[in-house]
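> Structure of the sequence below:
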Amino acid sequence: MQKIKAGIINFWNDEEGMGTLEILLIVVVLVAVALLFSDQLTSWVEKLLENIDTKIPGE
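Numbering: from 1, shown residues only. As a prediction, this is how the structure comes out:
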């Protein structure tokens, strides 16, 4: 039982790797950038799709 308790405590105190807070902050920044530039992103994707449609050979 002591080994299990020690393993849980070690796991809880482990500070390696990315934590939940860091991942959450990255997601928030990405969403904010996407919202700020949504018009530009939408027009860019539409232009890409139009170019794909016109540049396909044999059509």
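
> could you point out which element follows the lowest-mean-pLDDT helix or strand in the chain?
Sorted by mean pLDDT, DSSP states H and E, the helices and strands of the chain end with helix 2-13, the least confident at a mean of 83. Following helix 2-13 in sequence order, the next helix or strand is helix 20-36 (DSSP states H and E).

> which parts of that next one are buried?
Buried residues in helix 20-36, counted by 16 or more other Cβ atoms under 10 Å: none are found. Heads up, the C-betas are built off the backbone N, CA and C, glycines and all.

> what comes into contact with it?
Leu41 (Cβ atoms under 8 Å, 6 or more residues apart in numbering).

> Distance from it to the middle of the chain?
Its chain's C-alpha centre and that of helix 20-36 lie 8 Å apart, by Cα atoms, centre = their mean, to the nearest Å.

> What's the first helix or strand after it?
Taking DSSP H and E, what comes next after helix 20-36 is helix 38-55.

> That next one relative to helix 20-36, how many degrees between them?
Angle between the axes of helix 38-55 and helix 20-36 is 70 degrees (criterion: axes from the mean of the first three to the mean of the last three Cα atoms, to 10 degrees).

> Mean confidence (pLDDT) on helix 38-55, please.
Averaged across helix 38-55, pLDDT comes to 85.

> returning to what we had before: just the buried positions in the least confident helix or strand of the chain, please.
For helix 2-13, it's none, nothing buried (16+ other Cβ under 10 Å).

> which strands and helices sit next to that helix?
For helix 2-13, there is no helix or strand it packs on, judged by 3 or more Cβ pairs under 8 Å, 6 or more residues apart in numbering; DSSP states H and E.

> and that helix, how far out from the chain's middle?
A distance of 31 Å separates the centroid of the chain from that of helix 2-13, by Cα atoms, centre = their mean.

> and for it, what are the contacting residues?
With Cβ under 8 Å, 6+ apart, helix 2-13 has no contacts at all.

> okay, that helix in PDB with CA atoms only?
In PDB, the C-alpha atoms belonging to helix 2-13 read as follows (Å, rounded to 0.1, in the frame of the first residue of the first chain):
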ATOM      1  CA  GLN A   2       2.900   2.300   0.700                       C
ATOM      2  CA  LYS A   3       4.300   1.800  -2.800                       C
ATOM      3  CA  ILE A   4       1.000   2.800  -4.300                       C
ATOM      4  CA  LYS A   5       0.700   5.900  -2.100                       C
ATOM      5  CA  ALA A   6       4.300   6.900  -2.900                       C
ATOM      6  CA  GLY A   7       3.700   6.400  -6.700                       C
ATOM      7  CA  ILE A   8       0.600   8.600  -6.600                       C
ATOM      8  CA  ILE A   9       2.500  11.300  -4.700                       C
ATOM      9  CA  ASN A  10       5.400  11.100  -7.200                       C
ATOM     10  CA  PHE A  11       3.000  11.300 -10.100                       C
ATOM     11  CA  TRP A  12       1.200  14.300  -8.500                       C
ATOM     12  CA  ASN A  13       4.400  16.200  -7.900                       C
END
